[in-house]
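A.B. asks: Would you be able to build a 3D model of this:
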Amino acid sequence: MTANFLLDRFVRKGLTLMKKVQHDRDKSNSIPIEIYKNRCLGYIERVNELKHCNQDDIKYAKKRLFNVYFYLQSISGPERQNPSNNEIPIEIMQVALDQAVTDVYRRSGGLGYSVVRGLTLCEKKGEPINHYFRKVKKSPVISRINRHIEEDKIMIKQIMQEWRDDMAKQKKEVLDENKLSRLRQQKGNPVKSLSSV
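C.D. replies: Here you go, the predicted structure:
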């Protein structure tokens, strides 16, 4: 076997064609040999399209696939030709399949909620969104010493603010008491006339 996964895959598919021919011969005593030959030629074409692989590996894979093709040509026996059961190449149906997939993707929804997707240019850009999971925001790293200092500052600020509020309240009470005492004194001691002096 070669070192490339795609080449190995095509070679394995070609070798399984030989097993399928044996199975068809045993089971139904007839073989759709033209379909198998066309599949093998399709595998050879796909191997030829691979450009990034090592040329020695490509030659080895093509040699194996041609051996399978020659084996398929040498098979004798009744050939099954079923016009209603002809295999349609995927290349012919590819455009129709792509169109069907995009139509299904664009229109979705049910129960009165219809959605049309794929009409904006910015769709599929950026990080995909998972609506069922939200990332937890990382809290900043604070060492124990900094934490104690910050807690002390918070306590000092709270105490200082409470002290200020308390002082303002006391000041207001003292001033109010002074005003009241002056008013009482003025009401209790009427101003003496000048004649009595």
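A.B. asks: what mean pLDDT does stretch 59-74 have?
C.D. replies: Averaging pLDDT along stretch 59-74 yields 92.
A.B. asks: which parts of that stretch are buried?
C.D. replies: When burial is assessed from 16 or more other C-beta atoms under 10 Å, stretch 59-74 yields the following buried residues: 61, 62, 64, 65, 68, 69, 72. Using the backbone N, CA and C atoms, a C-beta is placed for each residue, glycine as well.
A.B. asks: and if you look at stretch 10-29?
C.D. replies: Within stretch 10-29, the residues that count as buried by 16+ other C-beta under 10 Å are 10, 11, 13, 14, 17, 18, 21, 24.
A.B. asks: In helices, which of the residues you listed fall?
C.D. replies: Using DSSP state H, the subset of the buried residues of stretch 10-29 located in helices is 10, 11, 13, 14, 17, 18, 21, 24.
A.B. asks: circling back to that earlier point, just curious, which of the buried residues of stretch 59-74 is nearest to residue 178?
C.D. replies: Relative to residue 178, the closest of those is residue 61; by C-beta to C-beta it sits at 106.3 Å.
A.B. asks: Roughly how far does that closest one sit from residue 177?
C.D. replies: 105 Å (C-beta to C-beta, to the nearest Å).
A.B. asks: re earlier: now distance to residue 97 too, for the ones in helices among the buried residues of stretch 10-29, in a markdown table please.
C.D. replies: Shown next, in a markdown table, are those (distance: C-beta to C-beta, whole Å):
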| residue | distance to residue 97 |
| --- | --- |
| 10 | 22 |
| 11 | 26 |
| 13 | 20 |
| 14 | 24 |
| 17 | 24 |
| 18 | 29 |
| 21 | 28 |
| 24 | 27 |
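A.B. asks: Tell me which of those has the lowest pLDDT.
C.D. replies: pLDDT across those is lowest for residue 24, at 85.
A.B. asks: That one: what's it in contact with?
C.D. replies: Residues counted as contacts of residue 24 (C-beta atoms under 8 Å, 6 or more residues apart in numbering) are 30, 31, 32, 80.
A.B. asks: The same query, at a cut-off of 7 Å, please.
C.D. replies: Neighbouring residues of residue 24 by C-beta atoms under 7 Å, 6 or more residues apart in numbering: residue 31.
A.B. asks: Can you show me the helices along the chain?
C.D. replies: Secondary structure of the chain (DSSP H): helices at 5-28, 33-49, 55-74, 90-106, 144-188.
A.B. asks: To residue 133, which of these lies closest?
C.D. replies: Among the helices of the chain, the nearest to residue 133 by C-beta to C-beta is helix 90-106 (22.9 Å).
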